[in-house]
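Q: can't give you the sequence, but here's the structure:
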């Protein structure tokens, strides 16, 4: 990692736990929270990909609401507008994974520039990061909204390259989503896949340069690289 000058992080599922909405879902639909959250996330991703293919972009909040409405219809749950708003608002207050708040400032202390590169809108990214008190840890909060297409389109990844002002080969892209790490690797970013659940990586012609079980392991990778560089 001795050539890495900056790190771009995916937001949803990487730094923040999308399934931290389960408790709110359970409040309104007792015992169905995990089921709702799993399908909601699946449809949210599908709708962003399909809208990109159809060139029919809508904001992330719009896609998230559409996915929730589908989920409740599919599961036979009565979703009124107030509950819909309450659950969508929960997506603006996701919880960071436990190791994230302590790891980000440690990466900055090592001289790395940090950014979020997310399919979220500027509003949703700002709300999630702000609610966790982590805005000051990032040099850039980058939304795909200006290019009106979702990751894994190259135009989305190019936003990080433009913001940092360095070559893509010196920007590490970090994601827990294998499809996202695959798209970033095709774009030319070195990639680190956070595999918290012990899953198998996608078979789409790419593999991550590094695989870790949590963000804190990224510190060890960077420090090992730095130590090796100092011994040369």
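A: Sure, I can see it. Only a predicted model underlies this, so the values are computations on that prediction, with no experimental measurement involved. Numbers count the residues shown, from 1 in each chain.
Q: Pretty sure residue 193 sits in a strand.
A: Yes: judged by DSSP: H, G, I helix; E, B strand; the rest coil, residue 193 forms part of a strand.
Q: Pull up the gap between the nearest residue to residue 166 once chain neighbours are set aside and residue 14, please.
A: Excluding its sequence neighbours, the residue lying closest to residue 166 (Cβ to Cβ, 6 or more residues apart in numbering) is residue 5, at 5.3 Å. Just so you know, the C-beta spots here come from the backbone N, C-alpha and C atoms, and that holds for glycine as well. Applying Cβ to Cβ, to the nearest Å, the value for residue 5 to residue 14 is 20 Å.
Q: out of the two, which sits in the more crowded spot?
A: Higher neighbour count among residue 5 and residue 14: residue 14, with 24 against 15, using other Cβ atoms under 10 Å.
Q: Contacts only, for that one.
A: Counting by Cβ atoms under 8 Å, 6 or more residues apart in numbering, residue 14 touches 174, 175, 176, 177, 194.
Q: what are the bridge partners for the second one, then?
A: If I follow you right, that is residue 175. Beta-bridge partners recorded for residue 175 (DSSP bridges): residue 193.
Q: Between the contacts of residue 14, which sits nearest residue 82?
A: Among the contacts of residue 14, residue 177 lies closest to residue 82 (Cβ to Cβ), at 30.9 Å.
Q: Wait, the closest one touches residue 10, no?
A: Yes: counting by Cβ atoms under 8 Å, residue 10 is a contact partner of residue 177 at 6.1 Å.
Q: Tell me where the longest helix sits in this protein.
A: If you go by DSSP state H, the chain has its longest helix at helix 33-54.
Q: Which strands or helices does that one pack on?
A: helix 22-28, helix 60-74 (3 or more Cβ pairs under 8 Å, 6 or more residues apart in numbering; DSSP states H and E).
Q: make it 10 Å
A: Secondary-structure packing of helix 33-54 (3 or more Cβ pairs under 10 Å, 6 or more residues apart in numbering; DSSP states H and E): helix 22-28, helix 60-74, helix 81-90, helix 178-187.
Q: To residue 137, which of the ones you listed lies closest?
A: Closest to residue 137 of these, according to Cβ to Cβ: helix 178-187, at 20.3 Å.
Q: Measure how far the closest one is from the centre of its chain, please.
A: 12 Å (Cα atoms, centre = their mean, to the nearest Å).
Q: Tell me what angle it forms with helix 33-54.
A: For helix 178-187 against helix 33-54, the angle by axes from the mean of the first three to the mean of the last three Cα atoms, to 10 degrees is 30 degrees.
Q: about what we covered before: please give me every residue in contact with the residue nearest to residue 166.
A: Contacts of residue 5 were listed using Cβ atoms under 10 Å, 6 or more residues apart in numbering, and they are 111, 112, 113, 164, 165, 166, 167, 169, 170, 171, 172.
Q: which one of those is nearest residue 142?
A: Using Cβ to Cβ, the contacts of residue 5 come closest to residue 142 at residue 164, 9.7 Å.
Q: How about the closest one, nearest residue that isn't a chain neighbour?
A: residue 6 (4.5 Å).
Q: my guess is the one you found meets residue 142, correct?
A: No: judged on Cβ atoms under 10 Å, residue 6 makes no contact with residue 142 at a distance of 11.6 Å.
Q: Show me which of residue 177 and residue 10 is the more surrounded one.
A: Taking neighbours as other Cβ under 10 Å, residue 177 and residue 10 compare with residue 10 leading, 23 against 20.
Q: That one and residue 33, how far apart?
A: 24 Å.
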